[in-house]
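Visitor: coordinates only, sequence not included:
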């Protein structure tokens with residue numbers, strides 16, 4: 001593909017999530033000279049140039065680094081904290097190419113907020129990645145704005161596929177998705193913590209118990225990642241009638257674990273909606 005047909009991508013803010021997406025994009029063959037990243041500190045810009053070979057700009061090195069990067073970009077991926085997104089978009093709005101696609105990976109920042117801070121008609125996508133995206137095993141959701149074409153949506157999916165599984169969801173479902181895949185890695189880590197603590201209570205050495213829990217959860221996750229894997233079927237395959245696993249599952253059910261998980265996810269979704277409301281009011 002000729003370089004002029006390859007989109008120039010600007011990462012505005014390059015914390016761990018945006019850097020993970022950037023690294024995945026490079027691993028997928030996107031040319032280094034078609035990527036720019038902006039950060040606050042000159043040291044961080046130098047680190048990105050050294051580690052990835054991309055152009056890194058820092059506000060302390062070059063005045064108006066964000067506008068400079070945005071002006072050259074076909075796709076802008078905004079990775080600053082939610083409270084800083086509005087100011088960032090207002091800063092770069094007049095510098096953007098009319099058709100440049102703006103993707104926000106900031107939690108709780110709605111499509112309406114994105115569009116309100118940018119020139120009318122600017123295509124935007126609200127994106128919700130999760131932390132396993134750092135390993136290329138994440139879930140990345142895309143919710144297009146009112147001016148986002150199918151071609152732009154397809155381009156975003158292609159660019160972000162290196163981070164993991166990409167799904168398209170209507171924006172009204174983003175809070176629910178966030179409660180499952182956004183917060184979900186923490187649930188798995190929490191389970192591993194609880195399993196390790198249970199092993200200790202049963203007399204295992206703490207380091208051994210932590211190792212067993214960690215590797216078991218990781219291994220089970222790898223099995224779930226197989227094509228057409230079904231969690232219920234995998235669970236049944238391990239649960240022999242009248243066996244040890246069945247005894248554990250029965251106790252989980254008796255204590256209401258499925259309800260606890262559902263209530264926790266509902267609390268996460270409610271908090272996401274609350275944060276969005278706070279950002280609108282702010």
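Guide: Now that the structure is in, tell me what you want to look at. None of the values given here were measured: they were computed from a predicted structure.

Visitor: wait, residue 144 sits on residue 153?
Guide: Yes. Using CB atoms under 8 Å, residue 144 is in contact with residue 153, at 5.2 Å. C-beta coordinates here come from the backbone N, C-alpha and C atoms, glycine included.

Visitor: next, show the common contact partners of the two.
Guide: 125, 168 (CB atoms under 8 Å, 6 or more residues apart in numbering).

Visitor: list the contacts of stretch 56-65.
Guide: The contact list for stretch 56-65 (CB under 8 Å, 6+ apart) reads 14, 36-42, 44-49, 66, 68-69.

Visitor: could you pull out the strands in this structure for me?
Guide: Assignment of strands within the chain using DSSP state E yields the ranges 9-12, 35-39, 55-58, 75-78, 101-104, 124-128, 138-144, 164-168.

Visitor: helices or strands up against the first one?
Guide: The helices and strands touching strand 9-12, judged by 3 or more CB pairs under 8 Å, 6 or more residues apart in numbering; DSSP states H and E, are helix 16-27, strand 35-39, helix 65-72, strand 75-78.

Visitor: tell me which of those sits nearest to residue 222.
Guide: Among the helices and strands packed on strand 9-12, helix 16-27 comes nearest to residue 222, with 19.0 Å by CB to CB.

Visitor: for the closest one, the averaged confidence score.
Guide: The average pLDDT within helix 16-27 is 91.

Visitor: what residues sit buried inside that helix?
Guide: Within helix 16-27, the residues that count as buried by 16 or more other CB atoms under 10 Å are 17, 18, 19, 20, 21, 22, 23, 24, 25, 26.

Visitor: which stretches of the stretch 1-150 of the chain have low pLDDT?
Guide: 1-4 (pLDDT under 70).

Visitor: tally of neighbours for residue 189?
Guide: Burial of residue 189 is recorded as 13 neighbouring residues (other CB atoms under 10 Å).

Visitor: meant to ask about residue 72
Guide: Residue 72 has 17 neighbouring residues, counting by other CB under 10 Å.

Visitor: right, and it touches residue 10 too?
Guide: Yes. The criterion here is CB under 8 Å, and residue 72 meets it with residue 10 at 7.0 Å.

Visitor: which neighbours do the two have in common?
Guide: Common contacts of residue 72 and residue 10 (CB under 8 Å, 6+ apart): residue 36.

Visitor: all helices for the stretch 101-250 of the chain, in order.
Guide: 111-116, 150-160, 174-177, 184-201, 206-224, 231-238, 244-254 (DSSP state H, counting those that start in this stretch).

Visitor: and the second one, what other elements does it pack with?
Guide: For helix 150-160, the helices and strands in contact under the criterion 3+ CB pairs under 8 Å, 6+ apart are strand 75-78, strand 101-104, strand 124-128, strand 138-144, strand 164-168.
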